[in-house]
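A.B. asks: next comes the sequence, and after it the predicted model I'd like to discuss.
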Amino acid sequence: MRNLRKINENNKVKDYFASKKLLLVVWASENDYYAPMQAWHEPFSKYFSNIIKFDTQKSLIQNGQKETNRLFIELLKKEQPDYLFIYLVSDPFYMDTLINIKKICPKIKIISLFGDDDHHFEKYSIFCSSFIDYILGVQTSAFPRYKKYGINNVFFTSIIDPEINKPMEIEKKYDVVFIGTPRKKGGRYEYIKYLKDKGVKIKLFGYGWGDYPEFKDIYLGPLHNKDIIRVINESKINLCFSKNIFGTPHIKGRVFEVAACNSFQLVENSPPLKELFKEGKEMVFFNDGEDLLRKINHYLGNEGEMKKIAKAAYEKIITKYNLNSELGLLMAKIRKDEINNHKPKYLPELNIKIIEISKEDFNNPIDMLNNKIKDADYISFKHRNCLRSRYKNYIQAYFLVKLGKPICCCGYYAYSRGVGNYLLFYPDIAYDSLGKEKFTNFVSLNQLMVTREYFLENIECFENFFEGEKVDIVTKENTAFASIPLLRIFDVKISSYEDMLRAFKIIFIRDIRQRVYSRRLLSSQYVYKFFIEALLLGKFYLLRYLLNESLSKDKIYALKRTLAKR
């Protein structure tokens, strides 16, 4: 009887959404070599008969960033969907574009996936959640932080469709396999090198390893999505490394993929994963290279143990951690909210006053400056040549209100009129990568907003900043890092290639690829402007990066595959 009631309730939920329209905006949703994002269409299609897809990765390759934003806006205007599912990854969309979604479609409900909130919550998601109605999160460690700020519509997702990731009755032909990329942080390279040197029969799949000659005899190339599932099933032991790009253990999607295939895995120690799977019964974790080697040797000699543990993890996936179950909870909640007439979330009113200060204000008598800011809550700055997001002041004030810090430092694009945005500066990543001293070389006064009290207490410092001194007041303790590019800054000074790699995300390369894809590289003015920029203005680091990309075997392979699909 209980199961019958549950079936009837599920049918009511499906009937409710059957006539509604969903816009599915997912990075690499049409890329057969990017497995996680393929999983969304089929589970959503059980609720929506009308689904429109927009692949942000594909659009960036074909059209570039500016046109991608325009096309997305035009699609919203044309289709007027009832719901939007969007995976906010990388920077395909300007924040202005995202904020304008509900101006274009006032009744739309936005569902968003956040995969890295253990790092990004205070730097990105806390703001986006102000206008996103429902959040699917992967990192359970961030859920208490959502609750702390009164954000309650947060649901866990494993991003696993068990109808795609599933067991296969095939031979176990590999002893040990790792599918993934080498990471600069986290020790993946070191683990693989250690196992290879110890004589472990390990095979590598994925992008990036082709640039390491020492692994040429064990590297078998990148895999199509279907081949990933096959290789997982063909492997006696699948290795899963749990650290994110910042070197912190968290929840990785590969763990769920392997478990869904009823295959055994050894997983790098991860406290969040241990809350989801019983250690030793549903999953086996390792702590270091020696522990990993010992467990590989043990389990290769104990096939029965491997099967028992893999089966226990598989059963948990089938009954609990899969998109069918997870979306069922989400869609039931949306239906319930709408029956109860819950309205879409809009940006809240902040009811604050922001005053902008320029160098000229310090040329006036101090009484004039004091009078100008006397009723201000926050102070922003305008110094030298840059272009600003329309919502810059609002977004930075939001971070300061929510996080209670005296300073907010936002991200920016390195920009020129010839080539547009060519580098992307995320302040939190740059701070961790460079350290405070070098970080100040890339900080502009335009990036900052401060409380009125902090400004008055440090007024001489700000006067010195306007005179050209380095902005050295940003620390992890006193600053809310808004990792959202809200500025385009001209004439960014970069002294070394290494500093560029550590401080910036390199985005000009996608403009080059876009022109290669469209087969108009040599006919495009962009390329000539790029070389003028790099050669005549001394930005040789851009050319060096382009050369290194051109020599990367894996990057060449990826480009050839992209062109072949055109």
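C.D. replies: Everything's here; your move.
A.B. asks: contact partners for the residue in the chain sticking out farthest from the centre?
C.D. replies: Distance from the C-alpha centroid of the chain, by C-alpha atoms, centre = their mean, peaks at residue 365 (46.8 Å). Residues near residue 365 by C-beta atoms under 8 Å, 6 or more residues apart in numbering: none. (Each C-beta comes from the backbone N, C-alpha and C, glycine too.)
A.B. asks: okay, it: pLDDT?
C.D. replies: Confidence at residue 365, expressed as pLDDT, is 89.
A.B. asks: where's it relative to residue 372, distance?
C.D. replies: Shown here: residue 365 relative to residue 372, a distance of 11 Å by C-beta to C-beta, to the nearest Å.
A.B. asks: okay, now the sheet partners of the one helix or strand residue 423 maps to, with direction.
C.D. replies: If you go by DSSP states H and E, residue 423 is part of strand 420-425. Paired with strand 420-425 in the same sheet, following DSSP bridges, are strand 407-416 (antiparallel), strand 504-506 (antiparallel).
A.B. asks: could I get those as JSON lines with mean neighbour count and mean pLDDT?
C.D. replies: JSON lines is the format used below for the strands paired with strand 420-425 (neighbours: other C-beta atoms under 10 Å; pLDDT from 0 to 100):
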{"stretch": "strand 407-416", "mean neighbour count": "25", "mean pLDDT": "97"}
{"stretch": "strand 504-506", "mean neighbour count": "19", "mean pLDDT": "95"}
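A.B. asks: for residue 450, find the nearest of these.
C.D. replies: Nearest to residue 450 among the strands paired with strand 420-425 is strand 407-416; the distance by C-beta to C-beta comes to 5.1 Å.
A.B. asks: contacting residues for residue 274?
C.D. replies: Residue 274 sits in contact with 283, 285, where contact means C-beta under 8 Å, 6+ apart.
A.B. asks: for it, phi and psi?
C.D. replies: Main-chain torsions, residue 274, degrees, to the nearest 10: phi -70, psi -20.
A.B. asks: ok so, going back, now the strands paired with strand 420-425 as a markdown table including distance to residue 190?
C.D. replies: A markdown table is the format used below for those (distance: least, C-beta to C-beta, whole Å):
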| stretch | distance to residue 190 |
| --- | --- |
| strand 407-416 | 31 |
| strand 504-506 | 24 |
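A.B. asks: where along the stretch 351-500 of the chain do the strands fall?
C.D. replies: 354-358, 378-382, 386-388, 407-416, 420-425, 448-451, 479-489 (DSSP state E, counting those that start in this stretch).
A.B. asks: hang on, I meant the stretch 101-250 of the chain
C.D. replies: Going by DSSP E, counting those that start in this stretch, the stretch 101-250 of the chain shows strands at 109-114, 134-137, 154-156, 174-179, 202-205, 235-240.
A.B. asks: possible to save the ones you listed as JSON lines with distance to residue 460, mean pLDDT and mean neighbour count?
C.D. replies: As requested, the strands of the stretch 101-250 of the chain are exported to JSON lines (distance: least, C-beta to C-beta, whole Å; pLDDT from 0 to 100; neighbours: other C-beta atoms under 10 Å):
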{"stretch": "strand 109-114", "distance to residue 460": "41", "mean pLDDT": "96", "mean neighbour count": "22"}
{"stretch": "strand 134-137", "distance to residue 460": "43", "mean pLDDT": "97", "mean neighbour count": "22"}
{"stretch": "strand 154-156", "distance to residue 460": "44", "mean pLDDT": "97", "mean neighbour count": "17"}
{"stretch": "strand 174-179", "distance to residue 460": "55", "mean pLDDT": "98", "mean neighbour count": "21"}
{"stretch": "strand 202-205", "distance to residue 460": "56", "mean pLDDT": "97", "mean neighbour count": "21"}
{"stretch": "strand 235-240", "distance to residue 460": "53", "mean pLDDT": "98", "mean neighbour count": "24"}
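A.B. asks: residue 359 is nearest to which of those?
C.D. replies: Nearest to residue 359, of all those, is strand 109-114, at 39.1 Å by C-beta to C-beta.
A.B. asks: what does the closest one contact?
C.D. replies: With C-beta under 8 Å, 6+ apart, strand 109-114 has contacts from 82-88, 101-102, 120-121, 125, 128, 131-139, 142, 157, 159, 330, 334, 344-345.
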